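Novice: Build me a model from this:
(2 chains)
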2 protein chains.
Amino acid sequence: MTDFAQTKTLFELPEGVIYLDGNSLGPVPKGVEARVGEMIANEWGKLLITAWNKAGWMAMPRVLGDRVGRLIGAPEGSVVLGDTLTLKVYQALAASLELNPERRVILSDSGNFPSDLYMAEGLIKTLDRGHELKLAAPEDVLAAIDEDVAVLMLTEVDYRTGRRHDLTALTARAREVGALVIWDLAHSAGGFAVDVSTNGPDFAVGCTYKYLNAGPGSPAFIYVDPALAGDVRPALSGWLGHRAPFDFELTYHAGDGIDRMRVGTPAMLQFAALEVALEVWEGVSLDDVRARSIELSELFISEVARRCPEVTLASPRAADARGSQVSFRHPEGYAVMQALIARGVIGDFRTPDILRFGVTPLYIGEDDIIGAVDVLEDILTNRLWDRPEFKTRAFVT
Amino acid sequence: MTDFAQTKTLFELPEGVIYLDGNSLGPVPKGVEARVGEMIANEWGKLLITAWNKAGWMAMPRVLGDRVGRLIGAPEGSVVLGDTLTLKVYQALAASLELNPERRVILSDSGNFPSDLYMAEGLIKTLDRGHELKLAAPEDVLAAIDEDVAVLMLTEVDYRTGRRHDLTALTARAREVGALVIWDLAHSAGGFAVDVSTNGPDFAVGCTYKYLNAGPGSPAFIYVDPALAGDVRPALSGWLGHRAPFDFELTYHAGDGIDRMRVGTPAMLQFAALEVALEVWEGVSLDDVRARSIELSELFISEVARRCPEVTLASPRAADARGSQVSFRHPEGYAVMQALIARGVIGDFRTPDILRFGVTPLYIGEDDIIGAVDVLEDILTNRLWDRPEFKTRAFVT
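Specialist: This is a model prediction of the structure:
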């Protein structure tokens, strides 16, 4: 049984803050500052260029990739880290369209994170061969999967509402019609158990700064089905995906399997943070995390329903139809969220009216949920959000 | 006059090491560890998600982009940071081919860094419209620029030999025939003065971990000629290049000017390091850096010529035909470099036989050059490289 009182001690959590935005940026795992400092002082500082070998830097995208892989059911050697999720989406999409050259449709849904859709749109324009991005409503995706679909690309959990797709069923249907499948696990990895290997996708991508707590701009991951990896032509054919980068051949020859999804020089300070962040998961059962997340989410939903009639639930009511977040709607959602943040309850706002809260059992418990609802109730009952400074739109969150 | 004794105090340089590989990975600027630690503890740690606004994270790719821009002669608002150099090459190439749609040739040279060529090769395969990557010998590029060329893509300084192109002349010729121009400034920025604005290129790209000392995997930069930026369709159309990323529209609309070259979430720990690394340049004249680099390089070349007949100069003999590195050839170059490194003289090896040394006046002086030649002479005269442990090829350097 995972000891959540113990996992909470593994994070630096500021006094007076209830942090319900781990679905957007996880908090600092203890040890990150020391490890990053050590990399700067002792590896970069003392080994200098030789650290790429001697400190194992060059291998880290694969070594830590395997550790992320364990959290999503991927076999050793099928996951590599680097770049950003947006770029990993591009790699997966470009490869999928080439592997299914007779078809012209990328199918996704209107609940997908816009960057995934933008990358599809950009790729389609670059290809200029009549491809089309089709967007179904989330609940209509299954019916929209037909034999025109080259690739089905879905983010499992809706970034706004937390609605969770039944990816297994959707993937099975896509297989029946001969479509490839990409899973975006941005809001899944570290939120609950994922299994890419059993009736899984061709490609899975995700980020490590949400439920994996690796810090702002930490590397993304990409999984490629090992049966397929050797057939993928990398669209972003950078030198570190070459079979022998340090031979400096003038012609590209793709590396073995997943290595070919590497592109350029990895951002090593971010890898140092990720290394520590992944240690948190030793001894943690993702099934326990899921069970606890549901307990906390149910508590959150029922308390809000009872005490805060001004908001409505934006997330599905059924626990198995949600990821690890709970969202509510309020017409003045932006101002309400600013008022919450001013009181130390940190969630975020998503346009047009969504108050979004991540439920992250590694460091959040019942007290935090009740404390957050106390503040929310006060803000709503007393219209404390109705102040000009809470209505001035800043850039983000 | 730049005070190089003073600039040397701005770096953490390990005892007993002569570091001649700043052309590959600059050393740690003092203050980087503290600044990165502060970002982790106080920004990520205390502000959490709100740091994207409150700590100015979201703006840093543009704010620090302007500071890099000053080092390459770019006007405010024409440079943005992010991702890796390899990806910035892809953005520049894809845009160039679309802006010159009637032509089919990407012209580069066989001295270019292979990753640039690999990205061109990959893009051509993705486009599948009969484009061709033509590689001239470096000395034949001028003659190879003709009216078939859609875009001329050159790295100013050859990563192996340090040979420097006359980019102004090559760019002028490319303009005459209606070709677009991309400069890769990986080995230029921070090595000497660059001016992208006067008879400059359409796109310039580069990295910040070489002469700019921002650490392993620090963000790349891209400059787009402001007159052109509004016409560029970003091939990598990620959400942070959208005109309103936090509106989460389903359709991509490119941001103004250079903003559209942003892709995904920036790697903030790397930006913290870069911020400190750029402070080193306050009060430094790049013309002084260049003059001093030539002095030190001439000393290096003449000392080696006099004392180490076993090696031959791989770099051009004329100072103005070199960047800020000096390279030599030796049939057992790999073993010689390992022997040098074992003695604390750190350069690197490039296949097949090149000993490569960066000349970086900010922290390298005459003593270092003479000290390095002393060790090289000893190793060569006494065949100290001829030991099995120096011949076992590791992954890199």
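Novice: What is the burial count for the residue of the stretch 251-397 of chain A found nearest chain B?
Specialist: Distances between the stretch 251-397 of chain A and chain B by CB to the nearest CB are smallest at residue A:264, namely 2.9 Å. Where C-beta positions appear, they are placed from N, C-alpha and C, glycine not excepted. Using other CB atoms under 10 Å in any protein chain shown, residue A:264 has 25 other residues around it.
Novice: Now do the SS call for it.
Specialist: Following DSSP: H, G, I helix; E, B strand; the rest coil, residue A:264 is assigned to coil.
Novice: Quick one: residues contacting it.
Specialist: Shown in contact with residue A:264 (CB atoms under 8 Å, 6 or more residues apart in numbering or on different chains): A:82, A:83, A:238, A:239, A:240, B:83, B:84, B:85, B:86, B:87, B:115, B:220.
Novice: give the contact list for residue A:147.
Specialist: With CB under 8 Å, 6+ apart, residue A:147 has these contacts: A:103, A:177, A:178.
Novice: On the three-state scheme, it is what?
Specialist: coil.
Novice: again, but for residue A:222
Specialist: Once three-state DSSP is applied, residue A:222 turns out strand.
Novice: what number of residues lie near the closest residue in space to it that isn't next to it in sequence?
Specialist: Distances taken as CB to CB, 6 or more residues apart in numbering or on different chains place residue A:88 nearest to residue A:222, at 4.4 Å, with adjacent residues excluded. Neighbours of residue A:88 under the rule other CB under 10 Å: 31.
Novice: what helix or strand is residue A:88 on?
Specialist: Here residue A:88, judged by DSSP states H and E, is contained in helix A:85-99.
Novice: Next, the angle helix B:85-99 makes with that helix.
Specialist: Interaxial angle, helix A:85-99 versus helix B:85-99 (axes from the mean of the first three to the mean of the last three CA atoms, to 10 degrees): 60 degrees.
Novice: and helix A:85-99, what other elements does it pack with?
Specialist: Counting contacts by 3 or more CB pairs under 8 Å, 6 or more residues apart in numbering or on different chains; DSSP states H and E, helix A:85-99 packs against helix A:114-127, strand A:149-155, strand A:180-184, strand A:203-206, strand A:221-224.
Novice: Export only the CA atoms of the fourth one, formatted as CSV.
Specialist: This means strand A:203-206. Extracted in CSV, the C-alpha atoms of strand A:203-206 (Å, rounded to 0.1, in the frame of the first residue of the first chain):
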residue,chain,number,x,y,z
PHE,A,203,2.8,6.1,-30.7
ALA,A,204,2.4,7.6,-27.3
VAL,A,205,3.6,11.0,-26.3
GLY,A,206,3.5,13.1,-23.2
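Novice: if you look at it, does any of it touch chain B?
Specialist: No. Strand A:203-206 lies out of reach of chain B by CB under 8 Å from any CB of the partner chain, never closer than 11.2 Å.
Novice: End to end on stretch A:323-340, go ahead and measure it.
Specialist: Taking CA to CA, to the nearest Å, the first and last residues of stretch A:323-340 lie 23 Å apart.
Novice: Pull out the buried positions in it.
Specialist: For stretch A:323-340, a neighbour-count test (16 or more other CB atoms under 10 Å in any protein chain shown) marks A:323-330, A:332-340 as buried.
Novice: Filter those down to the ones in strands?
Specialist: Counting by DSSP state E, these place A:325, A:326, A:327, A:328, A:329 in strands.
Novice: Contacts only, for the second one.
Specialist: Spelled out, it's residue A:326. Going by CB under 8 Å, 6+ apart, residue A:326 touches A:162, A:297, A:300, A:301, A:313, A:315, A:357, A:359.
Novice: Can you verify residue A:111 is assigned to a helix?
Specialist: No. Secondary structure of residue A:111 (three-state DSSP): coil, not part of a helix.
Novice: residues in contact with it?
Specialist: Taking CB under 8 Å, 6+ apart as the test, what residue A:111 contacts is A:137, A:138, A:155, A:158, A:159, A:160, A:161, A:163.
Novice: hang on, the earlier thing: tell me which residues touch the residue nearest to residue A:222, please.
Specialist: So residue A:88 contacts A:205, A:206, A:220, A:221, A:222, A:261 (CB under 8 Å, 6+ apart).
Novice: what's the most distant pair in those?
Specialist: Using CB to CB, these span at most 13.3 Å, a distance reached by A:206 and A:261.
Novice: Now do the domain split for chain A, please.
Specialist: According to automatic domain parsing, chain A comprises the domains A:4-29+A:285-391, A:33-279.
Novice: Buried deepest among those, which one?
Specialist: Scoring the domains of chain A by mean neighbour count under mean count of other CB atoms under 10 Å in any protein chain shown gives domain A:33-279 as the most buried, with a mean of 22.
Novice: first to last residue in it, what's the distance?
Specialist: Its first and final residues considered, domain A:33-279 spans 14 Å by CA to CA.
Novice: what's the farthest-apart pair in the ones in strands among the buried residues of stretch A:323-340?
Specialist: Of all pairs drawn from these, the one with the longest distance (CB to CB) is A:325 and A:329, at 13.8 Å.
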